[in-house]
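J.: got a structure for you, letters missing:
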C-alpha cells in the first residue's frame, strides 16, 4: 500500500475549502498514487480514452467517430438493488421499499473497504452540475473515483469540468459522491481491463446529501450523477424544497396548427420509455422533439405551472431492442459518434451490434464476454442490459429548449406499465388527487422470461420504486401536497397508459411505437376540451371514434378491446392494491389514497360483472363538470 502523498493532490482548481479538505481526507484513506482534477476538456477525453485503449479496457471503433467499445466483468453488469441502501438517521424514514442501514454503521463498514482501495491507481476528481449551469439554483456535485471509465462517461452524462469548478466558490453547496471500484493495484500485480470487487455497496445519506459507492464500475452504480444523485438524493431534496425529482422523460409535441405542448412520462423498465422520448409521430403534421429520456426535475414557475428540466446531458440507454424500426432517432444519435458502448457486441469491421439492431445478425461477432460469436452460438451476443452512452445534443430530434435553465411548462404527465390485462390503453384521471392514486398503484407484470412466474403484478409507483430516497408513503404525500400549491387548472393533467394489453390469443391490441402519438394527441385534445371521453369507474377513456386512427392499418376491433374497462378484472385489481397499500403501512400511507381506493370500489360495485358503463356524462369533455359518480370529498 502506498504511504506517500499522492502527486497532484495540491492542484485543486477551486478555492472551496470544503472540497479541498474532503479530497485530502479521501486521498489519505484510499491511498492513490496520483490525483487528477478533471477539467472536462477534449484534450482530457483524448488522453483518458487513449489510456483506456492501451490498458485493454476500450477498443476504438473504426466505424463510428470518437467512439469506443468495452465490456465489463460478467459479475458487474447492472444496478445492484440488493446492495443499494438508504442510510437515513431513522429506519422509518427509509420506508418499507428501501434497504436501510444506520449511517454510522454503514460508514464504519465502508471506511474499511475504502482503506487503501485506490492504491496503485489514479484518483479522479470530477466537478459536475445537474442541469444547466446558468440555472437560478444550480445543483452541483463532486465525484471522486478511481475509474477512468467513469471520468470519461461523466463528460457525456453531465455538465462537468472547468466551467463547474469556476462556480464552486466558498460556501457553495454540493453533493459529495465517493466511488471506488475496490480493486487496489499492488507493485508487480497485473491489472484487469475491468477492475471491480465482489463486495458491493451503493449507499446514500440523504440527510447529508452524500453518496458512497464501492465495488462496482458499471452504470448507475458508478456514474453517481445518474440514479444516485438525480433521483435518490434529489427526491429528498425535492421533498425538503418543494419540487419533484422524477424518473420521467420530457417530450415536446407540436400540432399541425403549430401549437406546442410539453409532456412528461414515467415508465418502469421495458415499457417503451426511451422510444417515446424519441417518438416519430405517425399522425400527419405532428412533430416530436426530445428534451430528456430518463429524468425530470419539476418546479413551479411564477405563472403557477410546473416546469421541467432534464438534469442530464447524455443518454445512457439500453441497447438491445433499439433499431431503425423501433427508435430511428437513437440510432441516428449514436451514428454521429462521441459515444461509449458497454457490453454490446463488436463487429469484425470495428462497429457495434446488438439484438434488435438489424433483422439479420452478422455472421461473426465478438460477444460481450470477448468470445467468438455466430448466430449458432445459442445465446445473445450483447448483454440484455448493455448500454450506449451518447450526448443528447447530437440527437437529431433534440428540442432547442432542452438546455433552457427555466425548463418547459408541463401540460400532461403520463404513467404506464406493461400489463396484458385490466389496464386500458389510456385513462384520464378524475383529478390531480385521483391521478396520484393511479400513479401510486402503477405496475407491470412479469413475462415468461421470469423463471416460471408469469403474470405476477409488481408495483412500481411512479416508476420510482428502486429510486426513492425516503419513505414511499411520504413520497405520495409530497405529490399530494404539490397539487395544493397552485390552482387546479394550472396543474398538468395525469393519464395512465398501457401500450401492452393483449387479446384472447395473446396478440397485442395496440401497435405501439410511433402510433402512440395518437394516444398523446387525444390526451392533448382532452386538455383543450375538444375530445370526447367515456366516464368509467377508473377514470375517463376515449369514446369509440375519439382516437384519430386516420391511416392506421390495424384491426380497429382490437383497439376497442384495448380500451375496454372490465369491472370483474378491476375488482380483482383492487384486492391487489389493498395488498400493496398494506405493505406501505397505515401510519404513513396518506388517508386520501385509501379513500380513493374505497371510492373506486364503490363505483365498481354499481356495475354488473364485465359491464362497460354508458352513463350520464359519458361523453363529457374535460371542461364539463357533470359526473355519473360524484368525486370523493376530502
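T.: Sure thing, it's come through. The structure presented is a predicted model; accordingly, all values stated were derived computationally and were not measured.
J.: Would you state the strands of the stretch 501-634 of the chain in chain order?
T.: 533-536, 539-542 (DSSP state E, counting those that start in this stretch).
J.: got these as a markdown table, with mean neighbour count columns?
T.: Backbone N, C-alpha and C define where each C-beta goes, glycine included. Below are these laid out as a markdown table (neighbours: other C-beta atoms under 10 Å):
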| stretch | mean neighbour count |
| --- | --- |
| strand 533-536 | 24 |
| strand 539-542 | 24 |
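J.: Tell me which of these approaches residue 137 most closely.
T.: Nearest to residue 137 among the strands of the stretch 501-634 of the chain is strand 539-542; the distance by C-beta to C-beta comes to 35.5 Å.
J.: that older thread, nearest to residue 141, of the strands of the stretch 501-634 of the chain?
T.: That would be strand 539-542 among the strands of the stretch 501-634 of the chain, by C-beta to C-beta, at 39.1 Å.
J.: circling back to that earlier point, I'd like the strands of the stretch 501-634 of the chain as JSON lines, with mean pLDDT and distance to residue 564 appended.
T.: Shown next, in JSON lines, are the strands of the stretch 501-634 of the chain (pLDDT from 0 to 100; distance: least, C-beta to C-beta, whole Å):
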{"stretch": "strand 533-536", "mean pLDDT": "97", "distance to residue 564": "10"}
{"stretch": "strand 539-542", "mean pLDDT": "98", "distance to residue 564": "9"}
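J.: closest to residue 280 out of those?
T.: Between residue 280 and the strands of the stretch 501-634 of the chain, the shortest gap by C-beta to C-beta is with strand 539-542, which sits at 22.1 Å.
J.: which strands and helices sit next to the closest one?
T.: strand 426-428, strand 533-536 (3 or more C-beta pairs under 8 Å, 6 or more residues apart in numbering; DSSP states H and E).
J.: let's see it at 10 Å
T.: strand 426-428, helix 432-440, strand 493-497, helix 516-528, strand 533-536, helix 556-562 (3 or more C-beta pairs under 10 Å, 6 or more residues apart in numbering; DSSP states H and E).
J.: okay if I get these as CSV plus distance to residue 336?
T.: Formatted as CSV, the helices and strands packed on strand 539-542 follow (distance: least, C-beta to C-beta, whole Å):
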stretch, distance to residue 336
strand 426-428, 34
helix 432-440, 35
strand 493-497, 31
helix 516-528, 25
strand 533-536, 42
helix 556-562, 37
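J.: Of the ones you listed, which stretch is the most buried?
T.: strand 426-428 (a mean of 26; mean count of other C-beta atoms under 10 Å).
J.: List the contacts of that strand.
T.: Counting by C-beta atoms under 10 Å, 6 or more residues apart in numbering, strand 426-428 makes contact with 412, 414-416, 434-435, 438, 493-499, 510, 516, 518-520, 522-523, 526-527, 531, 533, 535-536, 538-542, 546-547, 562-563, 565, 622, all of which sit outside it.
J.: still on that earlier bit, just so I know, which of the helices and strands packed on strand 539-542 lies nearest residue 201?
T.: Taking C-beta to C-beta, helix 432-440 is the member of the helices and strands packed on strand 539-542 nearest to residue 201, at 29.4 Å.
J.: Next, the angle strand 493-497 makes with that closest one.
T.: Taking axes from the mean of the first three to the mean of the last three C-alpha atoms, to 10 degrees, helix 432-440 and strand 493-497 form an angle of 30 degrees between their directions.
J.: ok, then the element right after helix 432-440?
T.: As assigned by DSSP states H and E, the chain's next helix or strand after helix 432-440 is strand 443-445.
J.: Quick one: the strands in the stretch 201-350 of the chain, in order.
T.: 201-205, 210-214, 244-246, 249-254, 260-266, 287-292, 296-300, 306-309, 314-318, 340-342, 345-347.
J.: what residues are up against residue 33?
T.: Listed by C-beta under 10 Å, 6+ apart, the contact set of residue 33 reads 2, 4, 6, 7, 8, 118, 119, 120, 121, 122, 123, 185.
J.: can you do 7 Å?
T.: Counting by C-beta atoms under 7 Å, 6 or more residues apart in numbering, residue 33 makes contact with 2, 6, 120, 121, 122.
J.: who wins for most neighbours among the residues you listed?
T.: Counting neighbours by other C-beta atoms under 10 Å, residue 121 comes out on top of these with 25 neighbours.
J.: re earlier: would you tell me which of the strands of the stretch 201-350 of the chain gets closest to residue 157?
T.: Nearest to residue 157 among these is strand 314-318 (4.2 Å), distances taken as C-beta to C-beta.
J.: Show me what that closest one is packed up against.
T.: helix 148-157, strand 387-391 (3 or more C-beta pairs under 7 Å, 6 or more residues apart in numbering; DSSP states H and E).
J.: swap the cut-off to 6 Å and go again
T.: Using 3 or more C-beta pairs under 6 Å, 6 or more residues apart in numbering; DSSP states H and E, the elements in contact with strand 314-318 are strand 387-391.
J.: quick revisit: so which of the helices and strands packed on strand 539-542 comes closest to residue 607?
T.: Among those, strand 533-536 sits nearest to residue 607 (C-beta to C-beta), with 9.1 Å.
J.: From the chain's centroid, how far away is the closest one?
T.: On the basis of C-alpha atoms, centre = their mean, to the nearest Å, strand 533-536 sits 31 Å off its chain's mean C-alpha point.
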